[in-house]
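*Asks:* Predicted structure and sequence below. I'll ask about it afterward.
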There are 2 protein chains.
Amino acid sequence: MSDFTKSLRECGVPVTAQRLAVLRAVTRRPHSTADELADEVRGELGTVSRQAIYNVLGVLTEKGLLRRIQPSGSAALYENRVGDNHHHLICRSCGKTVDVDCAVGHTPCLTAVDDAGFIIDEAEVLYWGICPDCQAGK
Amino acid sequence: MSDFTKSLRECGVPVTAQRLAVLRAVTRRPHSTADELADEVRGELGTVSRQAIYNVLGVLTEKGLLRRIQPSGSAALYENRVGDNHHHLICRSCGKTVDVDCAVGHTPCLTAVDDAGFIIDEAEVLYWGICPDCQAGK
DNA sequence: CATTTTTTTGGACTTTGTAAAGTATTTTAC
DNA sequence: GTAAAATACTTTACAAAGTCCAAAAAAATG
């Protein structure tokens, strides 16, 4: 049984070809949009409906197998690196997105903050800047 | 001359009724979507095109008079509190968004991070959780 | 294996945002 | 102030991202 199959079982969701293919696609191409993942999945399975992709991404995100990030000015991106407190660097020029480990290491911002009564479960950090390639004028 | 007029002049952009009304609307209702702001503006000016709202929000954001935040799963939100390094708490349940001062005070995350060669100009932090009202089951 | 639950499909629809061309307003220079 | 030039606004059309819904298919359950 594949690792992905096991993950799905552990989350209590039925195992389908589409879900396995989405998990593989996200692993191959982290920080991809739903549309890009749909292309990847179709390369494996043939025809897959757009709705199925959105359903799968929604379920897997909800179950914590995937993480969704939504940078300003682009569609939502998905990645399978979950469980650690890493953040993202995004290029304002080309949109390239790369992982970056948390500055403080242990959910830094989550603790030292006036929480206004909120129960906080996640601190999402987006660093905006210009990537090396765009600095070089490529 | 109103403060908003002065701000626009200082940014070198022509002063129009629509721009002033958008600035007032954002001040009255920070963390609003373009659509909500359009309603506010129309309450003041009567008919205003959707495109004008988007144009104005774009220009003012670009000039640094407004700030745009784009939480996952909702349209972009705008606020007029700029220039300080504050962040946002967002309720996963009702979407309520409130300001929160930066935990460390001085662009904390911007400095201590492996920047992968990026030139970083902003660290955007979104804290996700459940607001007091939703905790109370309202 | 049959039943029940859940997912996937396919199409239409909504929301959010952008583009382009023409008209109106604001600014700038007298 | 007034006229010319620059800029913004309106209107219409379009595109992208995502959702809704009912029927068909697949997976889980007993």
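*Replies:* Arrived safely, thanks for sending.
*Asks:* So which residues of chain A form strands?
*Replies:* A:32-33, A:67-69, A:77-79, A:87-91, A:97-100, A:119-130 (DSSP state E).
*Asks:* Walk me through the domains of chain A.
*Replies:* Per automatic domain parsing, the structural domains of chain A span A:3-78, A:84-135.
*Asks:* Which helix or strand in chain A has the lowest average pLDDT?
*Replies:* Between all helices and strands in chain A, the lowest mean by mean pLDDT, DSSP states H and E belongs to helix A:108-111, at a mean of 54.
*Asks:* ok and the residue in chain A nearest DNA strand C?
*Replies:* A:Ala52 (2.7 Å; Cβ to the nearest atom of the strand). Every residue, glycine included, has its C-beta placed from N, CA and C.
*Asks:* Does that residue touch A:Arg19 like I think?
*Replies:* No. Assessed by Cβ atoms under 8 Å, A:Ala52 is found out of contact with A:Arg19, at 9.2 Å.
*Asks:* of the two, who's got more company?
*Replies:* A:Arg19 (24 against 18; other Cβ atoms under 10 Å in any protein chain shown).
*Asks:* for the closest residue to the more buried one other than its chain neighbours, what are its contacts?
*Replies:* Of all residues not flanking A:Arg19 in the chain, A:Val56 sits nearest, at 5.2 Å (Cβ to Cβ, 6 or more residues apart in numbering or on different chains). When contacts are counted by Cβ atoms under 8 Å, 6 or more residues apart in numbering or on different chains, A:Val56 touches A:16, A:18-19, A:22.
*Asks:* ok, and of those residues, which contact DNA strand D?
*Replies:* A:Thr16 (Cβ under 7 Å from any atom of the strand).
*Asks:* Just name the closest of the contacts of A:Val56 to B:Gly12, please.
*Replies:* Checking the contacts of A:Val56 against B:Gly12 by Cβ to Cβ gives A:Val22 as the nearest, at 48.0 Å.
*Asks:* So which residues on chain A come close to DNA strand D?
*Replies:* A:14-17, A:33-35, A:50-51, A:54, A:58, A:70, A:74-76.
*Asks:* Pick out the lowest-pLDDT one from those residues.
*Replies:* Scanning these for pLDDT, the low point is A:Ser74. It has 83.
*Asks:* you'd agree it is up against A:Gly95?
*Replies:* Yes. Counting by Cβ under 8 Å, A:Gly95 is a contact partner of A:Ser74 at 6.0 Å.
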